[in-house]
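*Asks:* Sequence plus predicted model, see below.
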Amino acid sequence: MDFLQQSFSVDFHYNVYFTQQLFSRSNPLLKEVLKGAHQAGTVQKILFVVDENVVLHFPDLLKQVDGYFEGMEMIKLVPEHILVAGGETAKNEGKYFARIVEAINHYGIDRHSYIAAIGGGSVLDLVGYAAAVSHRGIRHIRIPTTVLSQNDSGIGVKNGINYKGKKNFLGTFAPPFAVFNDSGFLTTLSDRDWVSGIAEAIKVALIKNESFFYWLEAHAGALVERDREAMDYLIKECARLHMEHIASGDPFEFGSSRPLDFGHWSAHKLEQISGFEILHGEAVAMGIAQDSLYSTLAGLLSIESAERIVQLLIKMRLPVTHPLMVMDRDDHPLFLGLTEFQEHLGGQLTIMLLEEIGKGVEVHELSPQLIMDASNRLQNFEREDHLTAGK
C-alpha cells in the first residue's frame, strides 16, 4: 500500500462580550476589539446585515451605527445596510441569502473584512452561513438581539439555512470572529419571545448543571416578570455552559452525538409542521417535556424529577404540549423528526435523554409506543396536573 497521510489542527478562538448600548459613542468596546485585530497598512471593510424587526423597535439604530464608525480610519463602513426579514423567514427564503452574497461581491468584502449581523438567531444563522461560504470564509461578527440568540444559538459555531422544508439542511460549522451581547436589545421583546429563550437555559441546565436548574426554579418568578439582573445572569451562565461544551466535546459534530439538542428531535419537526407559528423556544420546551417523561417511562428518570421539570416549564409560562404534539399513531408526522434527526448527522441514531436532573444519557433507539404514552400523559397533565394520569 502506497499513500501519503496528512494531519493538522486549527486553533479556533473567539470572545463573547457582555455590554449595553454597543453603538453609543461613549462605548469603546467594539472599536477596541476591531483595533486589536487590525492589520497594519490595511483598511478593512465592515458590512452590516440587520433584522428588520430590530429596526422597527430601534428606529435610530442604523444612524447610530453610521455615527459610531464616523472618523474611523482603519475600518471602512459599507454605506448600505442590508435589511432582512426576522424569524424563520430569513432562513426559509433563498432571496435573503442571495442578497447578502451579492452585497459581499458588490462591495468587495474580502477575507480580512467583516460581516456583522444584528438580529435574532435565524438572522445570525443566515448571515453566518453567507459569511462562511463567501471567499471560503469572511470574518463574522454576531450581535444577538433575543434571549434565545444571546444565551444559545448566537454563541455557538453553527450556521445554516432551511432547505426543502428541512431545518438547517444547508449549513456550516464556522466560529464567529466575536459575539457582542447587548442587553439593551432585550427591552423591546414581547413577553412571548422573552420566555421562549428561557427554554434553552432549562435544556442546558438539565443535561449539564443541576445547580443551574435549581437557580432557575428559585428565580422563575423574577425571570417571567422580566427582572433584568436575573436575565443577565441566566444569559451569561447559559452561554458559559454552552461554550464549555463546545470546547470539550465534538464542536463540528463529526460523530453522531448531539447532547445540546436534548428535546430537539421533535422540536425541529414541530416548528416545520406548524408553519413556524410555534417559536423555536416553545417547541424546545415541549420537546423537553416530552423527552423528560419518556425518560421516566423508559426507567431512566424518576417521576418526581419529571414532574419538577414540567412544573418549571409551566412556571416559566412555556407550553408543555400542543394539539400537534398529540402523537397517537405511529405514522404521526412528528415521527419523521426522528428520521430527519438521524439523517442530519448520519451514523447511528443518538438521542439525549435524562438519568437525573443535570445528567444526560445517550440512547440509540426510542420506542414508538413509549413516545405515544408520554405524549398522551402530557395531554392529560394539563387536566389532571400530574404526570401519572393515564396509567
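*Replies:* Alright, I've got the coordinates.

*Asks:* dump the residue contacts of Ile309.
*Replies:* Ile309 makes contact with 202, 206, 288-289, 292, 357, according to Cβ atoms under 8 Å, 6 or more residues apart in numbering. Using the backbone N, CA and C atoms, a C-beta is placed for each residue, glycine as well.

*Asks:* mind giving me the domain ranges of the protein?
*Replies:* The chain breaks down by automatic domain parsing into domains covering 15-188, 191-242+255-384.

*Asks:* Show the average pLDDT along stretch 30-41.
*Replies:* The pLDDT scores in stretch 30-41 average 89.

*Asks:* Make residue 1 into 562 and carry on from there
*Replies:* Let's use 562 as the start, then, which means that last one is stretch 591-602.

*Asks:* Name the residues of it that are buried.
*Replies:* For stretch 591-602, a neighbour-count test (16 or more other Cβ atoms under 10 Å) marks 591, 594-595 as buried.

*Asks:* Any chance of JSON lines for those residues, columns distance to Met877 and secondary structure?
*Replies:* Converted to JSON lines, the buried residues of stretch 591-602 look like this (distance: Cβ to Cβ, whole Å; DSSP: H, G, I helix; E, B strand; the rest coil):
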{"residue": "Leu591", "distance to Met877": "32", "secondary structure": "helix"}
{"residue": "Val594", "distance to Met877": "34", "secondary structure": "helix"}
{"residue": "Leu595", "distance to Met877": "37", "secondary structure": "helix"}
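
*Asks:* just the strands in this structure please.
*Replies:* With DSSP state E applied, the chain shows strands at 576-580, 605-612, 636-638, 643-645, 675-680, 700-705, 719-724, 727-734, 739-743, 912-917, 920-924, listed in chain order.

*Asks:* Would you single out the least confident of the ones you listed?
*Replies:* Minimum mean pLDDT among the strands of the chain: strand 727-734, a mean of 88.

*Asks:* Run through who's touching that one.
*Replies:* With contact meaning Cβ under 8 Å, 6+ apart, strand 727-734 is reached by 652, 686, 689-690, 693-694, 718-724, 812-814, 829, 832-833, 901, 905.

*Asks:* Show me just the buried residues among those.
*Replies:* 652, 686, 689-690, 693-694, 718-723, 812, 814, 829, 832-833, 901, 905.

*Asks:* From those residues, which land in helices?
*Replies:* 652, 686, 689-690, 693-694, 829, 832-833, 901, 905 (DSSP state H).

*Asks:* Now distance to Pro880 and pLDDT too, for the residues you listed, in a markdown table please.
*Replies:* Shown next, in a markdown table, are those (distance: Cβ to Cβ, whole Å; pLDDT from 0 to 100):
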| residue | distance to Pro880 | pLDDT |
| --- | --- | --- |
| Lys652 | 22 | 92 |
| Asp686 | 23 | 95 |
| Gly689 | 29 | 96 |
| Tyr690 | 29 | 95 |
| Ala693 | 33 | 95 |
| Val694 | 35 | 95 |
| His829 | 16 | 87 |
| Glu832 | 13 | 90 |
| Gln833 | 17 | 88 |
| Glu901 | 22 | 78 |
| His905 | 24 | 63 |
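
*Asks:* Leaving out sequence neighbours, find the closest residue to Ala692.
*Replies:* His701 (4.1 Å; Cβ to Cβ, 6 or more residues apart in numbering).

*Asks:* you'd agree the one you found is up against Ala678?
*Replies:* Yes - His701 is within contact range of Ala678, at 7.1 Å (criterion: Cβ atoms under 8 Å).

*Asks:* where does the stretch 762-911 of the chain dip in pLDDT?
*Replies:* Low-confidence segments of the stretch 762-911 of the chain (pLDDT under 70): 810-820, 905-908.

*Asks:* Helices along that one, start to end?
*Replies:* Here the stretch 762-911 of the chain has its helices, by DSSP state H, counting those that start in this stretch, at 771-779, 781-785, 789-809, 825-834, 841-858, 864-876, 897-906.
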